[in-house]
Structures are given as C-alpha cells and as structure tokens.
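K.L.:
Sequence below, structure please.
(one chain, ligands or ions: 1)
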Amino acid sequence: MAFWSSTSVFTSKVPRKILFMFTLSLSVTYLFYSLMSCYNSLQFPLQENYAYQGRLVTEETTFVTLREKLYSTSQGLSEFTETERTTAVSTARDHAEAEQRTVEWIRSQASPTKSAAAYRTTALEREHQELSTTDSELRVNCTMDYGVKKLPQAIIIGVKKGGTRALLEALRVHPDVRAVGNEPHFFDRNYEKGLDWYR
Ligand SMILES: Nc1ncnc2c1ncn2[C@@H]1O[C@H](COP(=O)(O)OS(=O)(=O)O)[C@@H](OP(=O)(O)O)[C@H]1O
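P.N.:
Numbering: from 1, shown residues only. Prediction:
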C-alpha cells in the first residue's frame, strides 16, 4: 500500500515537473558543452588561418618591397647608399664604353673602306656621347635579373669539328667568364638579326 502510495506521489504533478526541469537542465548542459566544443574546433583553425594569412601578407609585403628595390631602377638606386650608386653607375658606364668600342670595331671590320678621319670623327662623337650620357640612358641596357646585356668581348671562331665547343666549355669554367649556352652563329647564320639580337 505504501509502495502504491509512493508511486502515486512519484507520478503526481509536482515530481513530473521536477523531472521535466531536471531533463531540461541536462539537455541545456549537453547543448552548452556541445556548442563549446564546436566553437573551440572552429575557433583554432580560424585563428591558424588568420595567422597564416597574416604571415602571407607579411611575406608578400616583404617580397614586394624587395622586388621594388631590385627591379624599380629609379627607386632602387635611390635607396642605395651613395657609394653603391656610384659603383653601379660607373659599372654600367664601363659596360657601355666596352660595348661601344666593340660595336665600332665590328663596324670598322664590316666596312674596311672607312677612312681614318671618319673613324676619328666617330671616336670624338663617341667621347662626347659618353660624357653626356645620363644615368637613365645607361640604365636602358641594364636588366637587373641578368645583369648588363652587352656584346661579347671575345669570340671563338673555328671550323666545324674544330673543337670550338671544347674550348668554350674550358673557358666557361673560369668564374669571370660568362659564356653563351649554345653557339650563337651570329656571323654566319644570324647576322641579319642585328646587334640587338646578338647582345
Ligand atoms: N682536345 C681535343 N683533341 C681532339 N679532339 C677534340 C678535342 N676537343 C674536342 N675534340 C673533338 O672535336 C669535335 C667537336 O668539335 P666542335 O666542338 O667544333 O664540334 S661542332 O662542329 O661545334 O659541332 C669532337 O669530335 P667528334 O667526337 O668526332 O665529333 C671532339 O671529340
């Protein structure tokens, strides 16, 4: 009798409300922790992503700055010290002078009838041009990635199977020698393409 009475009490309205509240609180707690775990699993990848993106932005900015320094000749040179700028300009001027001399030598060989007076006039003109050459004009022939494009200072001439490739490879070993990859065959096959191609 007592059992039935307790059961009837257990199934009365008040305990049902308590049971409902208990179940509800459990559900809310479960929901809360579920949401927390979801939030954590979402939060860290996002933070990593932000950090990664931040690193990317930083690296890109650094790269852009470096590239601007290297490739923007006007800005790049202005950021160098005075000594570096003077050295760069004088090196470019040296290259331009050597190239000019090579061009004249090739022209004089190509037109042997040219008189000595005409050659002297050309030399004087060249000297005037060299003195009046501005830095911006010098930079025209400079590519910052490959150095200065210039005509060769030495030419290997030889018959076929004469060992020219072996000589080229032997010279290439020297650290101060910069040799072409393939034989350019300028004088016998590509002369019409001009000196700009040869450079
Ligand atoms: N030091 C020396 N002594 C003897 N022979 C030599 C030497 N150096 C290169 N060779 C030989 O020269 C041949 C390649 O000459 P080239 O580089 O002028 O060839 S090419 O015409 O430019 O393709 C090539 O000959 P083949 O092998 O018969 O083609 C080379 O073996």
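
K.L.:
mind listing what whatever residue of the chain ends up closest to the ligand touches?
P.N.:
Nearest residue of the chain to the ligand: Arg165, at 3.0 Å (CB to the nearest ligand atom). In short, each C-beta sits where N, CA and C put it, glycine included. With contact taken as CB atoms under 8 Å, 6 or more residues apart in numbering, Arg165 is in contact with Glu183.

K.L.:
likewise Glu183?
P.N.:
Neighbouring residues of Glu183 by CB under 8 Å, 6+ apart: Thr164, Arg165, Leu168.

K.L.:
separation between Gly158 and Glu183?
P.N.:
For Gly158, the distance to Glu183 equals 10 Å [CB to CB, to the nearest Å].

K.L.:
okay, and the common contacts of the two?
P.N.:
Here Gly158 and Glu183 have Thr164 as joint contacts, going by CB under 8 Å, 6+ apart.

K.L.:
and the gap between the residue of the chain closest to the ligand and Pro15?
P.N.:
Counting by CB to CB - Arg165 and Pro15 are separated by 102 Å.

K.L.:
repeat for Gln100
P.N.:
With distances taken as CB to CB, Gln100 is found 107 Å from Pro15.

K.L.:
higher neighbour count, these two?
P.N.:
Between Gln100 and Pro15, counting by other CB atoms under 10 Å, Gln100 is the more crowded of the two (19 against 12).
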